[in-house]
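> Here is a sequence together with a model predicted from it:
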Protein chains: 2
Amino acid sequence: MPARSGTPGMIDVARLAGVSHQTVSRVVNGHPGVRPETAERVRAAITRLGYRPNATARALVTRRSGLIGALLVPGPDTDLLVAGIEREVRAAGRTLLLAAVAPGDPAAERLLDRVVDGYLAIAPTPALLGVLGALADPPPIVVVDGPATPLGPAVAPDHRGAARALTRHLLGRGHRTVHHVAGIPGTHGAAEREAGWRAALAGAAVPVPVPGGTGPAAGRAAGRLLTARRAAGEDVTAVLAADDTLALGLLRAFADAGLAVPGRVHVAGIGDRPEAAHLVPALTTADTAPRAVGERAARLLLERVEGRDGAPQDVPAATLRPRASTGSATGHW
Amino acid sequence: MPARSGTPGMIDVARLAGVSHQTVSRVVNGHPGVRPETAERVRAAITRLGYRPNATARALVTRRSGLIGALLVPGPDTDLLVAGIEREVRAAGRTLLLAAVAPGDPAAERLLDRVVDGYLAIAPTPALLGVLGALADPPPIVVVDGPATPLGPAVAPDHRGAARALTRHLLGRGHRTVHHVAGIPGTHGAAEREAGWRAALAGAAVPVPVPGGTGPAAGRAAGRLLTARRAAGEDVTAVLAADDTLALGLLRAFADAGLAVPGRVHVAGIGDRPEAAHLVPALTTADTAPRAVGERAARLLLERVEGRDGAPQDVPAATLRPRASTGSATGHW
DNA sequence: TTGTATGCGTTATCAA
DNA sequence: TTGATAACGCATACAA
């Protein structure tokens, strides 16, 4: 048994106010049926001692911690997803417990030992979902940027619509086909984006997608590969990158190769990162509103956590942001 | 008293294994003095029931939660700072409790009600430090990217060195002076960067800093302002932006104004964001290793949390990354 | 080697 | 309107 802690507890407050700890509890939780003057005495004691309720003890008895756990597999727009989630969770008076989880890493387990009122699985891998599925008596779960599963509903950005709109945009500018630099293999977002691209390509030739991933460095590598393909005679005039950071690398690679952009090769990204509008040339992209997605996902989870069985949340459709990087193919030949 | 929960507890395991809950506790915590076969029976029961220790109850009695609280005021490199912290906290077998805190927002209070073993204050405002200071019997605190305070030591990136090195680099290329687009007002990072710039300017004319903030949009606005100043006859040939995202906006603004970069105006950023190397022209910047800073800060805190009074942590010196955006002034006149 | 008893700080039930 | 008292699930001192 550890020594009595230095921080004051309800009992200390009670003693000072000349009441029972139970009355203190009532005051702290705003329960009715406390005489105003008693309450006042208690509040005075609270401020005098600097008393703060012990959330752990409270959680132990109420079986609700006010914590929302987020298991997060890092990807291209996790930051905005998390920003939206954080905002919503905080607005609800709760606290976010965040664990970045390398796919297959045991950190997930650790968070599971905590008492959380609900889980957000952000861009989860199958392995991660497996871990969540193994929970006995699991709390509500919402998947963010992933497929719906038996564990719970999903809220995901309109990856597919974004890719489709961009591809169509490029085709509409006269390109015979559009190449694709793929996202992180095995992720929901990458699969959806590729699917949207394929769908929009209906009729046109479907080139082999170029392996990408995420980040400017990966994009640059992909750009070198496409440059080579072009030199080998392939019809590379338009490229859709799976995210804006890849697109940035592509832009650079094409510049290195002397293929002025926009001019001989046109490039589009996905995600509308803040920098996209300010690049030279400004990057054509589509906004998938990851922040709003995070907010909706959190809201859905919170509704479920609170028992109100949340309505499925709509997600804003991707909105095209045409910019200088995608000119007209015919105009430049 | 809530209904007995659905999830199994030690008592359930004990009953199934035919031992006391105390023996289960010993097995779970790896204490010695349990006969191997007994331990085996207990472990079997644990897996059979899917038992997971209740971290809340454990925290209540041990007065240690395994949680590290991070109060975070968003800024230019919070993402990398947090990445480093997360990594280190996880490696220590602990969990990170993250709260983004708008300056002066009461969310901090909420996190304070939790039982955390230690606090990381990331780029804290004075108000935030005030809240932490008001804690009775506070746990160990380490400031990340801020000044050391009576509350605890600080670990911060080498902002000053970065700004100094970059300014010197520009002066060395023949510029008569270097302009500065400032960071977020009131932050430690912005103050340090500006101080480094001033220090390096010793002797040269010190222009009035341009208000910036962070982000490409703010940078673009600052760029327009500098363009106007130049048109008005000021000697604007080199600019140090407080961070890379500002620099990106500057690049764009100068391009808009027909001031080819590098050519008539030279630009440097700070931070070495991944995209800096891949911009066209590639951005000269300095790496302040925020990720390493996050790791060191977390390590220092963890040492203090564990009683080993942590040695002050060194932080890597900023390393200059000269690139195309900063050419020679004389070569272009 | 194992079990019993007690307390961590709170909320909830019930009686006063 | 208030106060005893019993949980919540676990770890620890101590007894067996």
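Great, that's in hand.

> phi, psi of the spatially most central residue of chain A?
The centroid of chain A falls nearest to A:Leu81 when counting by CA atoms, centre = their mean (2.7 Å). Note on A:Leu81: its backbone torsions stand at phi -60, psi -50 [degrees, to the nearest 10].

> So it versus A:Arg273, what's the distance?
Distance, A:Leu81 to A:Arg273, using CB to CB, to the nearest Å: 13 Å. (Glycine included, C-beta is placed from N, CA and C.)

> what sits in contact with each of these two?
The contact sets of A:Leu81 and A:Arg273 do not overlap (CB atoms under 8 Å, 6 or more residues apart in numbering or on different chains).

> for the spatially closest residue to A:Arg64 that is not a sequence neighbour, what are its contacts?
Nearest non-adjacent residue to A:Arg64, counting by CB to CB, 6 or more residues apart in numbering or on different chains: A:Asp117, 5.4 Å away. A:Asp117 is in contact with A:64-68, A:94, A:139-140, A:305, counting by CB under 8 Å, 6+ apart.

> swap the cut-off to 7 Å and go again
Taking CB atoms under 7 Å, 6 or more residues apart in numbering or on different chains, we find A:Asp117 in contact with A:64-68, A:139, A:305.

> between those, which has the most around it?
A:Ile68 (28 neighbours; other CB atoms under 10 Å in any protein chain shown).

> looking at this, that one is in a helix?
No: A:Ile68 is assigned strand when assessed by DSSP: H, G, I helix; E, B strand; the rest coil, not a helix.

> Nearest residue to the residue nearest to the centre of chain A in space, please, no chain neighbours.
Closest to A:Leu81 by CB to CB, 6+ apart is A:Gly294, at 4.3 Å.

> what about the one you found, which helix or strand?
helix A:290-305 (DSSP states H and E).

> What's the mean pLDDT across that helix?
For helix A:290-305, mean pLDDT rounds to 96.

> Check which helices and strands that helix sits against.
When contacts are defined as 3 or more CB pairs under 7 Å, 6 or more residues apart in numbering or on different chains; DSSP states H and E, helix A:290-305 packs onto helix A:78-91, strand A:118-122, strand A:141-144, strand A:154-155.

> so what secondary structure elements neighbour the next helix or strand after the last one?
If I follow you right, that is strand A:154-155. Using DSSP H and E, the next helix or strand after strand A:154-155 towards the C-terminus is helix A:159-172. Applying 3+ CB pairs under 7 Å, 6+ apart, one finds that helix A:159-172 contacts helix A:188-200, strand A:238-241, strand A:266-268, strand A:285-287, strand A:319-321.

> Please list the residues outside the fourth one that contact it.
In other words, strand A:285-287. A:162, A:165-166, A:244, A:268-272, A:276, A:318-321.

> Could you pick out the residues of the stretch 1-150 of chain A near DNA strand C for me?
A:1-2, A:4-5, A:7, A:9-11, A:21-22, A:25, A:28-29, A:51, A:53-54, A:57-58, A:60-62 (CB under 7 Å from any atom of the strand).

> if you set the cut-off to 6 Å instead, what comes out?
A:1, A:4-5, A:9-10, A:21-22, A:25, A:28-29, A:53-54, A:57-58, A:60-62 (CB under 6 Å from any atom of the strand).

> coming back round to it: which of the contacts of strand A:285-287 are buried? Put it as a ChimeraX command.
With 16 or more other CB atoms under 10 Å in any protein chain shown as the criterion, this ChimeraX line picks the buried residues out of the contacts of strand A:285-287:
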select /A:162,165,166,244,268,269,270,271,272,276,318,320,321
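
> between the contacts of strand A:285-287, which is nearest DNA strand C?
A:Gly271 (43.3 Å; CB to the nearest atom of the strand).

> Span of stretch A:85-100 from start to end?
14 Å (CA to CA, to the nearest Å).

> So is that stretch next to chain B?
Yes: judged by CB under 7 Å from any CB of the partner chain, stretch A:85-100 comes into contact with chain B through A:86, A:90, A:95-100.

> picking up where we left off before, compare the helices and strands packed on helix A:159-172 and report which one is nearest to DNA strand D.
helix A:188-200 (34.5 Å).

> ok so, going back, among the helices and strands packed on helix A:159-172, show me which one is buried the most.
strand A:238-241 (a mean of 31; mean count of other CB atoms under 10 Å in any protein chain shown).

> and that strand, which strands flank it?
Using DSSP bridges, the strands paired with strand A:238-241 are strand A:179-181 (parallel), strand A:266-268 (parallel).

> what's next to the first one, contact-wise?
Which is strand A:179-181. A:194, A:197, A:207, A:209-210, A:212, A:219, A:222, A:226, A:236, A:238-242, A:246, A:250.

> where along the stretch 1-150 of chain A do the helices fall?
Along the stretch 1-150 of chain A, counting by DSSP state H, counting those that start in this stretch, helices occupy A:10-17, A:21-28, A:36-49, A:55-62, A:78-91, A:107-113, A:126-133.

> Got the domain ranges for chain A?
By the assignment in automatic domain parsing, chain A contains the domains A:10-62, A:67-156+A:290-316, A:159-288.

> want to try TSV for those, with distance to B:Ala298 as columns?
Formatted as TSV, the domains of chain A follow (distance: least, CB to CB, whole Å):
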stretch	distance to B:Ala298
domain A:10-62	22
domain A:67-156+A:290-316	13
domain A:159-288	24
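
> what about the residue nearest to A:Ala200 when sequence neighbours are not counted, how many neighbours?
In this structure, A:Ala200 finds its nearest non-sequential neighbour in A:Thr167, 3.6 Å apart by CB to CB, 6+ apart. Residues near A:Thr167, counting by other CB under 10 Å, number 26.

> can I assume A:Thr167 is in contact with A:Ala195?
No: using CB atoms under 7 Å, A:Thr167 is not in contact with A:Ala195; the gap is 11.0 Å.

> any common contacting residues for the two?
With CB under 7 Å, 6+ apart as the test, A:Thr167 and A:Ala195 reach no residue in common.

> Tell me, how many residues neighbour the residue nearest to A:Leu81?
Neighbours of A:Gly294 (other CB under 10 Å): 30.

> Thank you kindly, that will do.
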